[in-house]
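[1] This is a predicted model, with the sequence first.
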Amino acid sequence: MQDVGALALLPVVTILVIAVATRRTLFAMLCGTLVGAVLLGGWEFFDSWIGYFGTAMADETLQWLMLVVVLFGILITLFERSGAVSEFAAWAERFVNSRRKSLVLSFLLAVVLFVDDYLSVLTVGTSMKGITDRYRVPRTQLGTIMKLTAAPVAVIVPFSTWALFFAGLLEAQGVTANGSGFGAYLQAIPFIFFGWIALAIAALVALGWFPKLGVLKKDVARAEATGDVFPLGTTEEERAAEGAAPVDVEVGEFAAQGDAGERAAVAAPVAVATRAPGIAKPRPWNFVVPIAVMIAVTILTEVDVLKGTVAALLVAIIMYTAQRRLGIRKVFDAAFDGVGSMLFVIVLTALAFMVQHMNIELKLADFVIDSTEPYMSGALLPAVVFLVCGVYAYATGSFWDLAAVITPIVIPLAFAMEVNPIIAGAAVFSGAALGSTTCLYGDGIILASRSTGIKPLNLMTAILPYAAIAAAISLVLYLVVGFAGI
């Protein structure tokens, strides 16, 4: 490992600056990995870059995630080619007949899929975007509700992948209740403030009882005025890939009020999602059964999303071929197209893992901890831990890795300073959830943007104001419990 001090921040800063300046996440990630390679390899940076690419590809977590992404890409394509999604949307329209109901259903579905955040964002986006499109809900709003729910509900419901992992971290540090780390985690749940607050904000946004902020406010106004549910800057190819249809929109009152970019976007032809053709007797089971199998198998196999996805894929293939919706040849065609549809996600995720491995080698976590440890004292400990974990997770895309690194440092500090270690642990978990909800190149944002058909940067900028409010309230609450000595 190389200790480069504050320069360890350079790859992360490069990624964020270039992503915002160019609005090209993949290019920004590539630049960030090149900067890291220069710091680690000097003049031999090319060999260093190749080496870290190999290290990332050899990472078992990345291999597992790539399999999940590829299989889910195939499953999504099968849903589309068989008409399963269209029929589910037509069936759901019998119960969802307003904008608010479409958003509330999206929120409730995300809560029901608490078992894993990957499963949640992939399923909700795939199943609900066709329905929300019909009520002129911008894709960024659907994605915001999804992401404000996925990780937060996973950390506050004890029977999820997040909860089981974090419970193991507590037990490894000797923090137990009734003889187990799981018992300690149950006691920590009320103090995972970001999870609770983000979930409450997501519910209020879905109900229309929370102000529309930032980019989302503009997206909602534009969608309501023009029917265009996609963010500004979305290409015609990207719109067509999402099943949108071009339609001429005249310049009206909204265009006159917007800035130059918005006026141009409204004056030109835009693409809006079309209403699904009328289906006399829609069969929602062609979509519902594979998804139900996925959830059931995931839970029964100790929360293994990969096995759940494989089971759902097999069930879908059997159902669609038996009903003669798809022949074997078309199933294979859908499989190839499904893999291709996920190439961007795969490349972006591989680069994100490269950045994580480079951050480890650059000792970024050590630098951050050493810089903030003097402030981790007494009553301030929970608040500082939450702030450090949240910022670090947002900047680096490390969530579980972050918790695994910092928990063995924070818990002994809490014992030494006579601070409740359960609250200190809850602050770590809150920070990890904050990062997962907001990080531009975190796997959660990448998968959510893929399932909603928008770019990761568009989704991140829409979420940030809401996540920032939840983070600020959480910080205040950690200060309160710290000084109250709970």
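    In hand now; what should we look at? Numbers count the residues shown, from 1 in each chain.
[2] Output the below-cut-off pLDDT ranges for the stretch 51-200 of the chain.
    Along the stretch 51-200 of the chain, no part satisfies pLDDT under 70.
[3] can you pull out the helices in the stretch 251-400 of the chain?
    Counting by DSSP state H, counting those that start in this stretch, the stretch 251-400 of the chain has helices at residues 253-257, 260-267, 285-300, 305-322, 328-341, 343-361, 364-372, 381-396, 400-416.
[4] Minimum distance to Ala468: which of the ones you listed has it?
    Of all the helices of the stretch 251-400 of the chain, helix 381-396 sits nearest to Ala468, with 10.1 Å by C-beta to C-beta. (Glycine included, C-beta is placed from N, CA and C.)
[5] on that earlier part again, redo the helices of the stretch 251-400 of the chain as CSV? Include mean pLDDT and mean neighbour count.
    Rendered in CSV, the data for these read as follows (pLDDT from 0 to 100; neighbours: other C-beta atoms under 10 Å):
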stretch, mean pLDDT, mean neighbour count
helix 253-257, 38, 12
helix 260-267, 36, 15
helix 285-300, 86, 19
helix 305-322, 91, 19
helix 328-341, 88, 15
helix 343-361, 84, 21
helix 364-372, 75, 17
helix 381-396, 87, 25
helix 400-416, 81, 19
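[6] Now render these as CSV, adding distance to Ala110.
    CSV is the format used below for those (distance: least, C-beta to C-beta, whole Å):
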stretch, distance to Ala110
helix 253-257, 30
helix 260-267, 29
helix 285-300, 13
helix 305-322, 15
helix 328-341, 22
helix 343-361, 19
helix 364-372, 30
helix 381-396, 20
helix 400-416, 20
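[7] Tell me which of the ones you listed lies nearest to Ala433.
    Put simply, out of the helices of the stretch 251-400 of the chain the one that sits nearest Ala433 is helix 381-396, at 8.4 Å, with distance taken as C-beta to C-beta.
[8] That closest one - contacts with which helices or strands?
    helix 10-22, helix 193-207, helix 343-361, helix 364-372, helix 400-416, helix 421-438, helix 456-484 (3 or more C-beta pairs under 8 Å, 6 or more residues apart in numbering; DSSP states H and E).
[9] Point out the one among these that comes closest to Thr321.
    Of all the helices and strands packed on helix 381-396, it is helix 343-361 that lies closest to Thr321, at 26.2 Å by C-beta to C-beta.
[10] and that closest one with helix 400-416, angle?
    Following axes from the mean of the first three to the mean of the last three C-alpha atoms, to 10 degrees, one obtains 40 degrees for the angle between helix 343-361 and helix 400-416.
[11] Determine the set of other helices and strands touching helix 343-361.
    helix 10-22, helix 25-41, helix 45-57, helix 60-82, helix 381-396, helix 443-452.
[12] Now render these as JSON lines, adding distance to Val428.
    Output for the helices and strands packed on helix 343-361, formatted as JSON lines (distance: least, C-beta to C-beta, whole Å):
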{"stretch": "helix 10-22", "distance to Val428": "20"}
{"stretch": "helix 25-41", "distance to Val428": "25"}
{"stretch": "helix 45-57", "distance to Val428": "25"}
{"stretch": "helix 60-82", "distance to Val428": "19"}
{"stretch": "helix 381-396", "distance to Val428": "5"}
{"stretch": "helix 443-452", "distance to Val428": "17"}
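[13] looking at those, which is closest to Phe483?
    Between Phe483 and the helices and strands packed on helix 343-361, the shortest separation by C-beta to C-beta is 9.3 Å, and it involves helix 381-396.
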